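> here is my input, please return the structure:
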Amino acid sequence: MQREKNMNSELENAFNKELNIIKNDLYYQQIERSVGGIDTLLRFDMFYKPMEILSGDSYSLRKCYDGKIVLFLIDAMGKGISASLTATSSTTLLNYIFNQMQHSKNFEFKTWIQRYIEYIKEDLLDNEMIAIVFAMYDRATSRCEYASFGMPAMLAIDANEELIKAKSNNMPISKYTEDFTINSIDVAHMKRILIYTDGLCENKLTNGEFYKNYLYEDFKQSDCITGFMKLVDSRVDDKQDDIAYFYINSVSLEVAWIDKNINGSRYEVDVLLQEVRQYVTSFGADAKCASEIVLAMSELLLNAVEHGLYGLSKEEKAKLIEEGEFDDMLDVLETKFIDKKISVKYFVRERAEKVMFIARISDFGKGFDVRELRQLVLNPRSFNGRGIMIARKLLDRFYYNEQGNSITIRKYLNINKSLTQSPLPKGDNLTCKIF
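Numbering: from 1, shown residues only. A predicted model of the protein is given here:
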């Protein structure tokens with residue numbers, strides 16, 4: 001029994017080590033950009049689910065000093081310890097090279113890949129190969145450079161809802177790899193992009209078919225990573241391989257928002273929350289769903305008031321609570337900052353019979369270092385942001401801007417049709433068809 005406990009503990013430590021080696025500079029973040037004069041949000045979501053603790057799949061997502069976004073997704077040959085060693089050492093090496101180039105502010109995409117290949121091929125066996133894709137997004141030009149070594153075709157949906165495939169442009173990396181090709185594509189008007197390992201395709205359905213037969217259809221029908229995950233789960237009951245993919249989507253801000261500006265008083269916050277409850281209920285949201293939205297927004301609004309409007313640090317708040325002076329201080333600060341406002345925008349949208357609530361809360365304070373949210377993934381037990389933990393549990397997704405003073409949330413509504421009072425706005429009537 002003790003040996004089994006020790007083994008479970010070692011496996012948990014091994015998985016935590018894998019997560020620590022992986023770097024994601026965009027956990028719970030979205031990139032704000034303008035395309036053709038239209039303000040948009042760019043989201044880099046990641047799904048990573050190894051079949052076993054030791055995985056042959058790995059990745060990292062990095063933000064460069066000049067604003068470029070760099071990523072890689074690796075699928076090492078084989079399974080078990082051998083594949084895991086290759087994937088882990090590759091991830092460590094690639095992040096180390098990136099950090100060096102980042103520190104000296106001389107990052108060059110091709111050089112990054114070249115240095116990795118030069119190092120890693122010396123340790124590959126004669127019959128060993130690595131499938132890996134590298135990509136770099138330049139927000140200044142809205143172009144994406146990529147080098148794919150034996151990976152499945154990257155998928156994209158363009159402005160006309162057409163499916164585009166970008167096939168691998170290099171053979172898998174082996175100890176004999178010398179040169180490679182980098183291609184560039186314009187992604188300014190791409191609505192969503194899927195970059196994945198072949199584990200996603202090779203899982204079998206209950207009828208014996210491979211999921212790859214449905215991948216394109218599900219990607220076209222999805223409106224965000226949550227929707228895509230639900231479609232995959234509805235088909236694949238028992239996953240037989242590691243699954244890892246980036247789901248990147250672009251979202252227009254030109255939508256039919258209900259726009260509110262409130263001060264930090266508890267009265268105005270309560271009034272707004274009641275309006276939100278009535279609003280989602282009018283679209284048929286059941287009581288549980290409406291309550292979850294209101295509770296999550298309550299926590300996030302309190303964060304915006306306390307830290308954004310009032311400028312309280314976590315340490316100051318903790319000290320006030322410990323000394324029993326927090327509520328009295330809030331009364332003082334509420335009067336002092338009565339003229340400061342929080343922006344709250346929200347709306348409900350239907351697409352393909354799915355109804356989603358979206359809201360954006362902005363406090364215009366100095367924000368915070370969003371990289372702190374990495375602890376939500378690596379060590380949630382040590383994360384001390386109560387409001388964020390509650391929001392994570394109750395919502396489908398949330399994203400901060402890079403400054404950390406604006407958060408966008410979304411949640412699919414559980415609809416009780418007998419409660420529906422208002423006609424749902426159709427996706428075709430909105431500038432933004434996906435959110």
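
> same for the helix or strand residue 375 falls within, what does it pack against?
Secondary structure assignment for residue 375, by DSSP states H and E: helix 375-378. The contact analysis (3 or more C-beta pairs under 8 Å, 6 or more residues apart in numbering; DSSP states H and E) places helix 375-378 against helix 2-21, helix 386-394. Where you see a C-beta, it was placed from the backbone N, CA and C, and this is true even at glycine.

> least reliable of those going by mean pLDDT?
Mean pLDDT is lowest for helix 2-21 among the helices and strands packed on helix 375-378, at a mean of 63.

> least confident secondary structure element in the protein?
Ranked by mean pLDDT, DSSP states H and E, the helix or strand of the chain with the weakest confidence is helix 2-21, at a mean of 63.

> following that one, which helix or strand comes up?
In N-to-C order, the element after helix 2-21 by DSSP H and E is strand 30-35.

> any idea which helix or strand comes after that next one?
Taking DSSP H and E, what comes next after strand 30-35 is strand 38-49.

> about what we covered before: mind listing what's buried in the helix holding residue 375?
376-377 (16 or more other C-beta atoms under 10 Å).

> same question for it, mean pLDDT?
pLDDT averaged over helix 375-378 gives 73.

> could you do stretch 28-42 as well?
So the average pLDDT for stretch 28-42 ends up being 88.

> contacting residues around that stretch?
43-44, 69, 137, 139, 142, 188-189, 248-254, 370, 373, 376, 398-402, 408, 431 (C-beta atoms under 8 Å, 6 or more residues apart in numbering).

> that stretch: how far from the chain's middle?
15 Å (C-alpha atoms, centre = their mean, to the nearest Å).

> show me what counts as buried in it.
28-31, 33, 40-42.

> just the closest of those to residue 389, please.
Using C-beta to C-beta, the shortest approach to residue 389 within the buried residues of stretch 28-42 belongs to residue 28, at 12.0 Å.

> roughly how far apart are the closest one and residue 44?
As judged by C-beta to C-beta, to the nearest Å, residue 28 and residue 44 stand 11 Å apart.

> what do you get for residue 246?
6 Å.

> any low-confidence regions in the stretch 301-435 of the chain?
352, 378, 380-384, 417-435 (pLDDT under 70).

> pLDDT weak spots in the stretch 1-150 of the chain?
Looking along the stretch 1-150 of the chain with the criterion set at pLDDT under 70, you get 1-16.

> one more time with 80, if that's ok
1-19, 36, 51-54, 78-81 (pLDDT under 80).

> pretty sure residue 298 sits in a helix.
Yes - according to DSSP: H, G, I helix; E, B strand; the rest coil, the state of residue 298 is that of a helix.

> didn't it look like it was pressed against residue 269?
Yes - counting by C-beta atoms under 8 Å, residue 269 is a contact partner of residue 298 at 7.3 Å.

> name the nearest residue to residue 174, sequence neighbours excluded.
Distances taken as C-beta to C-beta, 6 or more residues apart in numbering place residue 129 nearest to residue 174, at 4.9 Å, with adjacent residues excluded.

> I'd guessed residue 395 sits against residue 412; true?
No - checked against C-beta under 8 Å, the pair residue 395 and residue 412 is beyond contact range at 9.7 Å.

> neighbours around residue 77, how many?
20 (other C-beta atoms under 10 Å).

> buried stuff in stretch 101-110?
101-102, 107, 109.

> residues making contact with it?
62, 64-66, 68, 70, 98, 111-112, 134, 136, 145, 182.

> in strands, which of these appear?
Assigned to strands by DSSP state E, the following of those qualify: 62, 70, 134, 136, 145.

> distance check, the first one against residue 317.
Translated: residue 62. Residue 62 is 32 Å from residue 317, by C-beta to C-beta.

> between those two, tell me which one has more neighbours.
A side-by-side neighbour count of residue 62 and residue 317, using other C-beta under 10 Å, places residue 62 first with 21 against 16.

> any idea what the nearest residue to that one once chain neighbours are set aside is bridged to?
Residue nearest to residue 62 in three dimensions, not counting chain neighbours: residue 70, with 4.7 Å by C-beta to C-beta, 6+ apart. Per DSSP bridges, the residues bridged to residue 70 are residue 62, residue 136.

> residues in a beta bridge with the residue nearest to the spatial centre of the chain, which ones?
Residue closest to the average C-alpha location in the chain (C-alpha atoms, centre = their mean): residue 45, at 2.9 Å. Taking DSSP bridges as the rule, residue 45 bridges to residue 247.

> ok, it touching residue 225?
Yes - assessed by C-beta under 8 Å, residue 45 is found in contact with residue 225 at 4.0 Å.

> where do the contact lists of these two overlap?
Joint contacts of residue 45 and residue 225 (C-beta under 8 Å, 6+ apart) are 247, 249, 397.

> quick one: residues contacting the second one.
Going back to what we said before, that points to residue 249. Neighbours of residue 249 in contact, by C-beta under 8 Å, 6+ apart: 42-43, 45, 191-193, 224-225, 434.
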